[in-house]
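Asker: coords please:
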Amino acid sequence: MPEEDPQILEDLRQAIAARDGSAFLSVGLFCSSLTSNQIVAAMIAFVILLGSFILDFLAVSASPPVAAPLRHMSIG
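Answerer: Next comes the predicted model:
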């Protein structure tokens, strides 16, 4: 088995972090466009992102036919 290049792994980690960060930002901006109140927008965004993480945890324990759609619906 070839050795893993640490630079490639670090680049992959940064790409995943950038993807997750941009997804969080887009959810926040979408929720902000739904309402003029910042507190309500933050709460809506929190609920959407929490739901996405819950879908990811459910996908781990679900059967393979159910797990695939759950993973596609989650951000993480």
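
Asker: residue closest to the middle of this structure?
Answerer: residue 75 (2.3 Å; CA atoms, centre = their mean).

Asker: measure the closest residue to it other than its chain neighbours to residue 15 for me?
Answerer: Closest residue to residue 75 apart from its sequence neighbours, by CB to CB, 6 or more residues apart in numbering: residue 52 at 4.4 Å. Every C-beta, even on glycine, is put in place using the N, C-alpha and C of the backbone. Distance from residue 52 to residue 15, counting by CB to CB, to the nearest Å: 19 Å.

Asker: these two: who's more crowded?
Answerer: residue 52 (16 against 10; other CB atoms under 10 Å).

Asker: what does the helix or strand hosting that one contact?
Answerer: Under the criterion of DSSP states H and E, residue 52 resides in helix 38-61. By CB atoms under 8 Å, 6 or more residues apart in numbering, the residues outside helix 38-61 that reach it are 24, 27-28, 30-32, 34-35, 66-68, 70-71, 73-76.

Asker: separation between residue 19 and residue 6?
Answerer: Counting by CB to CB, the gap from residue 19 to residue 6 is 20 Å.

Asker: more neighbours: the two, which one.
Answerer: More neighbours surround residue 19 than the other of residue 19 and residue 6, with 11 against 8 (other CB under 10 Å).

Asker: how is residue 4 assigned, secondary-structure-wise?
Answerer: coil (DSSP: H, G, I helix; E, B strand; the rest coil).
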